[in-house]
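In: okay, predicted coordinates and the sequence, questions at the end:
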Amino acid sequence: MYDKEKIYDEENAPLMQQILEICKREELPMVAQFYLAEESPYDEESVTPLYCTSIIIPGDRNDEEGIQQLQDIDEVMKYGKNGPPYFMAATIRKE
């Protein structure tokens with residue numbers, strides 16, 4: 001079974017911490033995702049993959065076109081190609 005969480009924790013995480021600190025300090029927008037494991041050990045309800053996702057978007061730059069691209073990428077990484085789930089509830093009454 002595919003599981004790279006330990007490798008990420010030991011080798012990638014310290015590097016990502018440095019990258020995130022630099023991006024925050026310099027207000028450099030970024031998005032990154034790592035596919036760590038086929039099955040998440042933290043989700044007892046269902047079998048889902050384990051990812052590590054980081055996104056930095058400085059608040060005063062949310063309207064820029066390039067920033068929208070990063071937000072779109074972040075949404076796809078969270079919800080897949082079909083986007084976030086939509087729910088609707090309706091009550092039909094006959095009087």
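Out: Arrived safely, thanks for sending. Residues are numbered from 1 along each chain as shown.
In: all helices of the protein, in order?
Out: Assigned by DSSP state H, the chain shows helices spanning 5-7, 13-26, 65-79.
In: of those, which approaches Tyr42 most closely?
Out: When those are ranked by distance to Tyr42, counting by Cβ to Cβ, first place goes to helix 5-7 at 10.1 Å. Every residue, glycine included, has its C-beta placed from N, CA and C.
In: that closest one - what's its average pLDDT?
Out: Over the span of helix 5-7, the pLDDT mean works out to 95.
In: the bottom helix or strand of the protein by mean pLDDT?
Out: Least confident helix or strand of the chain, by mean pLDDT, DSSP states H and E, is helix 65-79 with a mean of 80.
In: got the contact list for the closest residue to Thr53 other than its chain neighbours?
Out: Nearest non-adjacent residue to Thr53, counting by Cβ to Cβ, 6 or more residues apart in numbering: Gln33, 4.5 Å away. For Gln33, the contact set (Cβ atoms under 8 Å, 6 or more residues apart in numbering) comprises 51-54, 77.
In: before we move on, what about Val31?
Out: For Val31, the set of contacting residues under the criterion of Cβ under 8 Å, 6+ apart consists of 53-56, 70, 73-74, 77.
In: of these, which pair is most distant in space?
Out: The largest distance within those, taken as Cβ to Cβ, falls between Ile56 and Met77 and amounts to 13.9 Å.
In: more neighbours, these two?
Out: Legend: neighbour count by other Cβ atoms under 10 Å for Ile56 and Met77, higher for Ile56 (17 against 14).
In: so that one touches Ile19, yeah?
Out: No. Under the criterion of Cβ atoms under 8 Å, Ile56 is not in contact with Ile19, lying 9.5 Å apart.
In: what about Asp60, how many neighbours?
Out: 8.
In: not counting sequence-adjacent ones, nearest residue to Cys12?
Out: You called it Cys, but residue 12 is Asn. Spatially, and ignoring its direct neighbours in sequence, Asn12 is nearest to Phe34 (6.7 Å; Cβ to Cβ, 6+ apart).
In: repeat for Ile57
Out: Spatial nearest neighbour of Ile57, chain neighbours left out: Pro29 (5.2 Å); criterion: Cβ to Cβ, 6+ apart.
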